[in-house]
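Novice: predicted coordinates and the sequence they were generated for:
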Amino acid sequence: MNFTETDEQVALRAAVAELGRKYGYGYFTRQARNGGRLTELWQEAGKLGFIGVNLPAEYGGGGAGMYELAIVLEELAAAGCGLLMMVVSPAICGTILARFGTPEQRRHWLPKIASGSSIMAFGITEPDAGSNSHKLTTVATRDGDTWVLTGRKVFISGVDEAEAVLIVGRTADAKTGKLRPALFVVPTDALGFSFQPIDMDILMPEKQFLLFLDEVRLPADALVGDESAALLQLFAGLNPERIMASAMAIGSGRYALDKAVSYARERTVWSVPIGAHQGLAHPLAQVKIELELARLMMQKAAVLYDAGDDMAAGEAANMAKYAAAEASVRTVDQAIQSLGGSSMTSEFGLAGLLANVRTTRIAPVSREMILNFVAQHSLGLPKSY
Ligand SMILES: Cc1cc2nc3c(=O)[nH]c(=O)nc-3n(C[C@H](O)[C@H](O)[C@H](O)COP(=O)(O)OP(=O)(O)OC[C@H]3O[C@@H](n4cnc5c(N)ncnc54)[C@H](O)[C@@H]3O)c2cc1C
C-alpha cells in the first residue's frame, strides 16, 4: 500500500489547480447567475488533456485512470469551479463506452469525449422510478434494423450542452419477454427527442432537464455493447460516477474550508483573530479531519477501480460518496458559521455553495440508498425494501 502520489499525479494536481485559479469561483457564479456555461474552462481543460485523462490513449485520452480523473475534478472544485459534466461525460459515459462499446462506438465517441469537444449526458432517473431503477419504464423495441425508444427522464444534467445522452432503458428478453436494462446512445437532435429545463434553486451553471423520448428511432448500433451485459455495463459506469461525485464534494469542501480559515486568521472582533477561539478552531479542525477521511475512501475506491476490482470498488465508492457528502455539507456549514454575516454575501458565495454540496446527499445516489447498500451487502442484513 502506498499513500504517496507519483510525480505525474503531483504534477497533474498542480497543473489543474493552476487552471482552476485562473477561472475560480467568481467565474463559476457569474456564469451560473447569468445563465451562462463553463464552456471556456471545459474547452481549455480538454485541450490540456484533463477531461479525458482516464480514457485510453489510443482514442486520444491520457491513458491514466479514475484516480487521475478524480484529481482533476477535486482540484477544479477546490478552486471553486468544479465541472459537473466531468462526473457524467468522461467518467460514466467514457468509461462505459471504453469498456463495453463496440469498436465503432469507441472510435466515434471516445476521441470527442476525451478532447472535450463533445459532451455526453447520462439519463437513468425517471419521474416514477427515482431511486428504484427496477421500475424504469423507458423501453426500446426492435423494429427491423432499428430500435424504437419511448419514455421519460428527469433531472438529467447538461442536455443542452450535450451531443448525445446515454439513456438507460429496457429491452424485452427474446426468450422470456422479461424486461432487462439496456444502454442506448441517443443524439440530442434525434427525431422524437425533446427536453425542457427544470427550474432549480441551486447555483450551478449546468442545468437539469426533463426528457421526452417519443418513439425515438435509433440505428441498431445505438445499443451499447452487448444487450445481455447491460447490468454489468451500468455498474461499470456507476462506480466512476460515485468516485467523481465524491471528488466534486471534497473539492468544494476544501474551497469552503480555505475561505473559512483565511477569514478566521484575519477577522478580529475582540482582541485576537476569531480563529484563536477554540469554539471556532475546533469545528474547523473537525471538518478538516472529516474531509481527509472521505478523501482517503475516495482514493481507495479509485485505486480499486483502476486495479479492475469492480466489486470492492463498488463498496468503497458508495462509502466514499456517503462520507464526502456528509463531510462537505458540514464543512460548508461550518465555513458559513465562521464568516458570520459575510458568508451570506455574494462576494464569498458560501450560501450558494451549501445548496450545491447538499445535492451530493441526494444525487447521483441518495444517502439512504447507500445505507441500504451497506446494510445489505457489507453487513449482510436483510433487504428492507
Ligand atoms: C442537481 C441534480 C443533478 C442530477 N443529474 C442527473 C443526471 O445527470 N442523470 C440522472 O439520471 N439523474 C440525475 N439526477 C437525479 C438523481 O440521481 C436523483 O434525484 C436521485 O437518484 C434520487 O432520486 P429521486 O429524486 O427520484 O428521489 P426518490 O427516489 O423519490 O427518493 C426521495 C427520498 O426517499 C428516499 N428513499 C427512496 N427509497 C428509499 C428506501 N428504499 N429506503 C430509504 N429511503 C428511500 C431517498 O433516499 C430520498 O431521500 C440529478 C439530480 C439533481 C438534484
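Specialist: The structure has been received and is ready for your questions. Numbering: from 1, shown residues only.

Novice: count the residues that sit near the residue nearest to Asp145 when sequence neighbours are not counted.
Specialist: Computed as C-beta to C-beta, 6 or more residues apart in numbering, the closest residue to Asp145 that is not its neighbour in sequence is Ala220, at 5.3 Å. C-beta coordinates here come from the backbone N, C-alpha and C atoms, glycine included. The tally of other residues near Ala220 (other C-beta atoms under 10 Å) stands at 10.

Novice: how about Met86?
Specialist: Counted with other C-beta under 10 Å, Met86 comes out at 28.

Novice: show me the contacts for it.
Specialist: The neighbourhood of Met86, defined by C-beta atoms under 8 Å, 6 or more residues apart in numbering, consists of 51, 69, 72-73, 76, 244, 248.

Novice: so who does Ala46 touch?
Specialist: Not Ala; residue 46 is Gly. 52, 114-117.

Novice: and Pro187, by the same measure?
Specialist: 163-164, 193.

Novice: strands along the chain, start to end?
Specialist: Under the criterion DSSP state E, the chain carries strands at the ranges 120-123, 139-143, 146-157, 164-172, 179-187, 193-197, 208-219.

Novice: thinking again about what came up before, let me know the closest of the contacts of Gly46 to Ile336.
Specialist: Sorting those by how near they are to Ile336, with C-beta to C-beta, puts Gly116 at the top with 33.1 Å.

Novice: how about the residues of this protein near the ligand?
Specialist: 88, 122-125, 130-131, 155-157, 208, 359, 362-366, 368-369, 372, 385 (C-beta under 6 Å from any ligand atom).

Novice: of these, buried ones?
Specialist: By neighbour count, with 16 or more other C-beta atoms under 10 Å, the residues of the chain next to the ligand hold 88, 122-125, 155-157, 208, 359, 363-366, 369, 372 as buried.

Novice: closest to Glu227 out of these?
Specialist: Ile124 (17.3 Å).

Novice: is it true that the closest one touches Leu136?
Specialist: Yes - taking contacts as C-beta atoms under 8 Å, Ile124 lies within contact range of Leu136: 7.5 Å.

Novice: got any residues that touch both of these two?
Specialist: What both Ile124 and Leu136 touch, as defined by C-beta under 8 Å, 6+ apart, is the set Val168.

Novice: what's the single longest helix in this structure?
Specialist: Longest helix of the chain, by residue count under DSSP state H: helix 230-266.

Novice: any idea of the mean pLDDT for that helix?
Specialist: The average pLDDT within helix 230-266 is 94.

Novice: and the angle from it to strand 179-187?
Specialist: With axes from the mean of the first three to the mean of the last three C-alpha atoms, to 10 degrees applied, the angle from helix 230-266 to strand 179-187 works out at 60 degrees.

Novice: counting contacts, what elements does helix 230-266 pack onto?
Specialist: helix 66-78, helix 94-100, strand 179-187, helix 278-306, helix 310-339, helix 350-359 (3 or more C-beta pairs under 8 Å, 6 or more residues apart in numbering; DSSP states H and E).

Novice: any idea of the angle the last one forms with helix 66-78?
Specialist: Helix 350-359 and helix 66-78 are oriented at 150 degrees to each other (the same axes, to 10 degrees).

Novice: quick one: average confidence on helix 350-359?
Specialist: 95.
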